[in-house]
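# prediction below, plus the sequence it came from.
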Amino acid sequence: MLIDGQEFVAGVFPVDKPRGMTSFAVVRRVRHLLGIRKVGHAGTLDPFATGLLILCAGRPATRHIEHFMAGRKEYRALLQLGVETETQDPEGRVTARAPVPALSLEEIRTCLGEFVGRRMQAPPPFSAAKHKGKPLYHYARRGIVIAKEPRPVEVYSIDCLGYDPAPGRLDITVSCSRGTYIRVLAAEIGARIGCGAHLLELRRTASGAFSVDESVDGERLFADNGLHHLLAGMIPVEEAVKKW
């Protein structure tokens, strides 16, 4: 594809993924817009999640994907206390309900503080972690639960943004290492409180040196002038590497 009279070679595209869309759907759209196959992402997001998705297009960009994935992640998460689901997120069937105890903000902050630090965390059954070449959710959807070995992760900070006791919804921000499953963390927080919980909403706000504030609105990529919006947010590979 010619862009400003020159053949497109490579670029890095921070995209704000919309809710209800798979990460691969965004990759597929960027492939179509740029007319190239070599497009990948530096860390997937579940369909119900929104926020920063770093796309790399062209071999000079895709060879840096592992580096871009290694940075610290920042999330904003909304937990639904008192309700557990089979997927630990809003896409699964409800498996348990329990009354939510009266909680003060001080008690909530104390609870959250217990999850800061290095810890071992196993990938959940409904996840993209692989087993014999297939994602775990492939087996889980067929009623087969594959238990993977826990892996070391680190939670650098958890902050409470607010708590609404009427619906039992807890709004938090999390700063963590690559490979941390926020829905597993949400379930663990619910278990610690004593009523269970699942992850109702999730938004990735930063990954390494990249921020969702500098990203392209993912919905605009599907408009007639989607290529214009995509290219407006492109970061040259050299600049992206320096940011990282």
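Nice, thanks for sending it over.
# spatially central, which residue of the chain would that be?
The chain has residue 45 as the residue nearest its centroid, 3.9 Å off, counting by CA atoms, centre = their mean.
# state the distance from the residue lying closest to residue 190 once chain neighbours are set aside to residue 97.
Nearest residue to residue 190 in three dimensions, chain neighbours excluded: residue 197, at 2.5 Å (CB to CB, 6 or more residues apart in numbering). In this view, the C-beta of every residue, glycine as well, is placed from N, C-alpha and C. Between residue 197 and residue 97 the computed distance is 11 Å (CB to CB, to the nearest Å).
# need the next SSE after the strand or helix carrying residue 27, C-terminal direction.
Using DSSP states H and E, residue 27 sits in helix 23-34. For helix 23-34, the following helix or strand on the C-terminal side (DSSP H and E) is strand 39-41.
# name the SS class of residue 108, please.
helix (DSSP: H, G, I helix; E, B strand; the rest coil).
# how about it: what's its closest non-neighbour residue?
Closest to residue 108 by CB to CB, 6+ apart is residue 160, at 5.3 Å.
# got it, and residue 85?
Residue 85 sits nearest to residue 92 (CB to CB, 6+ apart), 3.9 Å away.
# could you break the protein into its assigned domains?
The chain breaks down by automatic domain parsing into domains covering 2-70+208-243, 73-206.
# and for the residue lying closest to residue 114 once chain neighbours are set aside, the neighbour number?
The spatial neighbour of residue 114 that comes closest, neighbours along the chain excluded (CB to CB, 6+ apart), is residue 192 at 6.7 Å. Residues near residue 192, counting by other CB atoms under 10 Å, number 13.
# and the one helix or strand residue 192 maps to, how far out from the chain middle?
Assessed by DSSP H and E, residue 192 sits inside helix 182-193. The chain centre lies 16 Å from the centre of helix 182-193; the measure is CA atoms, centre = their mean, to the nearest Å.
# same deal with stretch 207-214?
The answer for stretch 207-214 is 13 Å, by CA atoms, centre = their mean.
# contacting residues around that stretch?
14, 16, 42-43, 51-52, 54, 68-74, 203-206, 233, 243-244 (CB atoms under 8 Å, 6 or more residues apart in numbering).
# neighbour count for residue 197 and residue 97, which is higher?
Ranked by neighbour count (other CB under 10 Å), residue 197 and residue 97 place residue 197 first, with 28 against 11.
# residues in contact with the more buried one?
Residue 197 makes contacts with 79-84, 170, 186-187, 189-191, as judged by CB under 8 Å, 6+ apart.
# tell me the angle the strand ranked longest in the chain makes with helix 182-193.
Using DSSP state E, we find that the single longest strand of the chain is strand 151-164. Strand 151-164 runs at 70 degrees relative to helix 182-193, counting by axes from the mean of the first three to the mean of the last three CA atoms, to 10 degrees.
# what's strand 151-164 packed up against?
When contacts are defined as 3 or more CB pairs under 8 Å, 6 or more residues apart in numbering; DSSP states H and E, strand 151-164 sits against helix 105-113, strand 117-121, strand 169-176.
# where does the chain have low pLDDT?
Applying pLDDT under 70 to the chain picks out residues 1-6, 126-129, 131, 136, 138, 140, 146.
# re earlier: outside of the longest strand of the chain, which residues touch it?
72, 76, 103, 105, 108-109, 112-113, 115-123, 169-180, 185.
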